[in-house]
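# what follows is a predicted protein model with its sequence.
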Amino acid sequence: MINITDRLHISTTSTNAHKLALENGIGIELTEFCTAYNMDTFFEESNKSAMANMAGIERFTFHAPFNELTPAAIDPLILDIAKKRYDQAFKIMSGYGIKKMIAHSGYMPHVYYEQWFTPKSIDFWKEYLSDKPKDFHVCLENVLEDSPHMLIDIVEAVNDSRLLICFDVAHAQIMGEGKSLIDWAKMVMPYLGHVHIHNNHGEFDTHNALNDGVIDIESLITLIAENVPTATFSIESIDAESSLGWLKGLY
């Protein structure tokens, strides 16, 4: 197991995220704006929380809003809302000096089909990135996908070094229907920018501690860390302290 401290973050959904990050010299993934109305209706409170979580921390990623947002929306008015919300996210994170955004793909089985979802997502991300700076990156996160193929197809077609993949290992465990997570990781590694690490028992997305579930987190981290030196990681378990303690015991 290799040391990933210098590219590790803790999601602010985790208990005592800021305290643990400060004590261990690791980064923070801001999740205050995962709910879109926190960017306007409740901005004052959300900004205060974000600033508190950033105090004394040197490295950050930013989780974009995702509730009811999809880059492949069928209704053009809903698509306009998605564009507006992602642009708001960019402005807020830029104000904080953050350059890496994690965004859910927006895919929903039986609502969007690959023949629609893939080309529409390609169009969306090409347009979205057209006016963004060269050092800005978006990492598309798998949530309800049952394989990595669609996200790979989108990233390949957009063909922009600023669009990468966020591999959520626990989402893949739930949705992968028995597919090997090692194989999934190997497929996305050429496009990988970020990794969400948490565990579960294969039935529900419970965001357990890293050592509480059926996923071999150690093997996945080792594989990715050794082969993708630019990839960053975020602990997204609710029990961040237990997860961090388990990680520290590996190296």
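Happy to help now that I have it.
# show me what the lowest-mean-pLDDT helix or strand in the chain is packed up against.
Using mean pLDDT, DSSP states H and E, the weakest-scoring helix or strand in the chain turns out to be helix 240-248, at a mean of 93. Here helix 240-248 touches strand 8-11, helix 17-24, strand 232-235, going by 3 or more CB pairs under 8 Å, 6 or more residues apart in numbering; DSSP states H and E. Yep, even glycine has a C-beta here, placed from its N, CA and C like the rest.
# in TSV: those, plus mean pLDDT.
What follows is these, written out as TSV (pLDDT from 0 to 100):
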stretch	mean pLDDT
strand 8-11	98
helix 17-24	97
strand 232-235	98
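# and of those, who's closest to residue 128?
With CB to CB, the closest approach to residue 128 among the helices and strands packed on helix 240-248 belongs to strand 232-235: 20.8 Å.
# relative to that closest one, what are the paired strands and their orientations?
Note on strand 232-235: by DSSP bridges, its sheet partners are strand 8-11 (parallel), strand 192-197 (parallel).
# got those as CSV, with mean neighbour count and distance to residue 231 columns?
Output for the strands paired with strand 232-235, formatted as CSV (neighbours: other CB atoms under 10 Å; distance: least, CB to CB, whole Å):
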stretch, mean neighbour count, distance to residue 231
strand 8-11, 25, 11
strand 192-197, 25, 5
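# tell me what angle the least confident helix or strand of the chain forms with strand 192-197.
Angle, helix 240-248 to strand 192-197, by axes from the mean of the first three to the mean of the last three CA atoms, to 10 degrees: 110 degrees.
# let's have the helices and strands packed on helix 240-248 in JSON lines, adding distance to residue 109.
Below are those laid out as JSON lines (distance: least, CB to CB, whole Å):
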{"stretch": "strand 8-11", "distance to residue 109": "25"}
{"stretch": "helix 17-24", "distance to residue 109": "31"}
{"stretch": "strand 232-235", "distance to residue 109": "25"}
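# Throw the strands paired with strand 232-235 into CSV and include distance to residue 221, thanks.
Converted to CSV, the strands paired with strand 232-235 look like this (distance: least, CB to CB, whole Å):
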stretch, distance to residue 221
strand 8-11, 10
strand 192-197, 7
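# who wins for proximity to residue 197 among the helices and strands packed on helix 240-248?
When these are compared for distance to residue 197 using CB to CB, the nearest one is strand 232-235, at 5.9 Å.
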